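Student: Kindly return the folded structure for what I paste below:
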Amino acid sequence: MRNVVGECFLFVLLMLAQDVYAASLLKSQSFPKTFQDLSFTQRINVLSEGYEPWESEYDASGRCISGCAYAGITIAQELENIDNNTKSAQNNLYKSGYSVNQNGLVYKTSGGVSAGQKIVENIPRCYPYQPDIAAGQVVPVGEPLTGKTQITSPYGRRVHPVSGNDSVHSGVDFAAASGTSVFSPASGTVASVWTDDSCGKGVRISHSAGYETVYCHLSQQLVSAGDTVAAGCEIAKTGNTGRSTGPHLHYGIKYNGQYINPTSWIGRD
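Tutor: Modelled structure (predicted):
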């Protein structure tokens with residue numbers, strides 16, 4: 001006869017062990033090689049706390065070392081996936097009343113925009129704010145810093161500055177002295193605020209139309225999970241936390257849960 005009570009007890013213990021393991025990943029250690037290394041429950045627990053891989057790394061043979069969304073994916077495949085997602089996001093951007101010219105600059109298209117695609121709402125301004133961001137903007141178009149700050153590492157394939165491994169940099173790095181104000185380019189809700197060994201002090205904000213923005217290496221996080229932020233509002237201060245070689249801001253944009261090339265969205269060629 002089966003010991004039903006004993007089997008149920010063992011099942012509960014296994015589920016608790018999974019939860020403890022997932023939580024332990026948030027305690028100053030590297031993200032697992034791929035999401036396939038975690039159970040579904042563990043993935044949900046980890047992501048709900050804000051920890052997420054924002055840069056993947058590969059060894060000399062092209063084998064993924066860390067931060068990859070899918071087991072066995074190559075650099076070429078990852079870049080192709082991001083490129084396809086970027087094109088999808090660009091189509092969404094156009095429907096929202098914006099487009100991208102041949103130099104990679106974002107501009108407002110002529111003609112009206114339907115109510116369901118409105119990119120700007122009437123929301124009061126905060127202080128301080130990024131003056132180049134339209135008040136009430138709901139899609140992250142524009143820069144998270146003021147003054148057209150120098151980009152020290154663009155989006156794309158690169159040699160990781162710390163490990164020396166081939167990697168895919170999922171955002172852009174802006175040069176900025178520690179303590180520089182960081183602004184949200186669109187209104188939204190703070191999805192998570194966290195600290196880990198890779199991103200350091202991080203913030204992720206959910207915006208309209210499937211967009212999210214991610215900010216890493218901060219010295220201060222000025223918002224909390226669940227906060228509502230207006231477009232152009234200050235949300236953090238730059239720093240040198242996490243896996244970083246000097247003070248800067250790592251900024252990334254996600255669309256429908258996956259990273260895109262943010263170059264056009266920040267108005268750079």
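Student: For residue 138, give its distance to residue 222.
Tutor: 21 Å (Cβ to Cβ, to the nearest Å). Every C-beta, even on glycine, is put in place using the N, C-alpha and C of the backbone.
Student: higher neighbour count, those two?
Tutor: Just comparing residue 138 and residue 222: by other Cβ atoms under 10 Å the higher neighbour count belongs to residue 138, 20 against 16.
Student: now that one, nearest residue through space, not along the chain?
Tutor: Leaving out its chain neighbours, the residue that sits closest to residue 138 by Cβ to Cβ, 6 or more residues apart in numbering is residue 208, at 4.1 Å.
Student: likewise residue 220?
Tutor: residue 237 (4.0 Å).
Student: Assess the claim that that neighbour and residue 177 are in contact.
Tutor: No. With contact taken as Cβ atoms under 8 Å, residue 237 and residue 177 are classed as non-touching, separated by 10.0 Å.
Student: Compare those two (neighbour count), which wins?
Tutor: Of the pair residue 237 and residue 177, residue 237 is the one with more neighbours under other Cβ under 10 Å, namely 18 against 11.
Student: who does the helix or strand harbouring that one touch, helix- and strand-wise?
Tutor: Assigned by DSSP states H and E, residue 237 belongs to strand 234-238. In terms of contacts (3 or more Cβ pairs under 8 Å, 6 or more residues apart in numbering; DSSP states H and E), strand 234-238 is packed against strand 181-183, strand 200-206, strand 211-221.
Student: which ones are touching residue 229?
Tutor: Applying Cβ atoms under 8 Å, 6 or more residues apart in numbering to residue 229 gives the contacts 126, 184, 187-190, 205, 223, 235.
Student: so what's it scoring on pLDDT?
Tutor: Note for residue 229: predicted pLDDT of 94.
Student: Compute the distance between the residue lying closest to residue 60 once chain neighbours are set aside and residue 74, please.
Tutor: Excluding its sequence neighbours, the residue lying closest to residue 60 (Cβ to Cβ, 6+ apart) is residue 166, at 7.8 Å. Here residue 166 is placed at a distance of 10 Å from residue 74 (Cβ to Cβ).
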